[in-house]
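In: Build me a model from this:
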Amino acid sequence: MSVGKVLLQQDNEGVATIILNRPDVHNAFDDEVIADLRKKLDQLADDDETRVVVITARGKSFSAGADVEWMKRAPGFSEEENFADARNLGCLLYRLNTLPLPTIAMIQGPAFGGGVGLVAACDIAVAVKSATFAFSEVRLGLTPASISPYVISAIGTRHARRYFITGRRSMPTQPCVWAWCISWSPTPARCMQPETVCCA
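Out: Sure, this is the predicted structure:
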């Protein structure tokens, strides 16, 4: 059994797959996940054998965004510690967005909050038809802060404003929102890998 919150698999064709491995909490990320993702992206950026990076997840969800338990600890952090957490997430998204390799998000289930940020920072996104996307944090009174530049770049200012304000769910086949930036896959999640790699 594979262990670790973030896994890395590499094949002989230069495809590196980063896998979020916390299905029990819908692949929510905390400070450890953010640091491990950044470490693996740095590793792949320097790997001459890698030609494309795929980011996906195990379980029913792609990512629920920030881990609730991690967020609960935040009020006990100092201002410097909270700033460091926000900076680390921002650095991860920047690294993903500027990685000198093609990046593909392979979305096998719902993506919320920061999970949508990961999708938006990738070059290409492929989702199952049943996937949903939402900035659910706004319903808790939180602003999609660190992820907003990448989301705006992906779907445009007007659409971003709508979903940032309402927190409404959207689907990859919805006209004029995600359809032009995400190719939806009619195949089951377990069969997505070959189709996704063909994008590269």
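In: and the helix or strand hosting Ala120, what does it pack onto?
Out: Taking DSSP states H and E as the definition, one finds Ala120 inside helix 114-121. Helix 114-121 sits against helix 79-97, strand 103-107, strand 133-134, helix 148-155, with contacts defined as 3 or more C-beta pairs under 8 Å, 6 or more residues apart in numbering; DSSP states H and E. Any C-beta I mention is one placed from the backbone N, CA and C, and that applies to glycine too.
In: neighbouring contacts of the longest one?
Out: Counting by C-beta atoms under 8 Å, 6 or more residues apart in numbering, helix 79-97 makes contact with 31, 34-35, 37-38, 41-42, 55, 74, 77, 103, 114, 117-118, 121-122, 145-147, 150, all of which sit outside it.
In: Nearest the middle, which residue of the protein would you pick?
Out: With distances taken as C-alpha atoms, centre = their mean, Leu118 lies nearest the centre of the chain, 2.6 Å away.
In: if we can go back for a sec, of the contacts of helix 79-97, grab the buried ones for PyMOL.
Out: Buried residues among the contacts of helix 79-97 (16 or more other C-beta atoms under 10 Å), as a PyMOL selection:
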select buried, resi 31+34+35+37+38+41+55+103+114+117+118+121+122+146+147+150
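In: All the helices of the chain, residue numbers only.
Out: Taking DSSP state H as the criterion, the chain carries its helices at 31-45, 68-73, 79-97, 114-121, 148-155, 157-166, 192-198.
In: Columns mean pLDDT on top of the ones you listed, output as TSV?
Out: Shown next, in TSV, are these (pLDDT from 0 to 100):
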stretch	mean pLDDT
helix 31-45	96
helix 68-73	79
helix 79-97	90
helix 114-121	95
helix 148-155	92
helix 157-166	90
helix 192-198	60
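In: looking at the ones you listed, which is buried most?
Out: Most buried of the helices of the chain, by mean neighbour count (mean count of other C-beta atoms under 10 Å): helix 114-121, with a mean of 28.
In: Go ahead and measure how far that helix is from the middle of the chain.
Out: Mean-position distance between helix 114-121 and its chain equals 4 Å (C-alpha atoms, centre = their mean, to the nearest Å).
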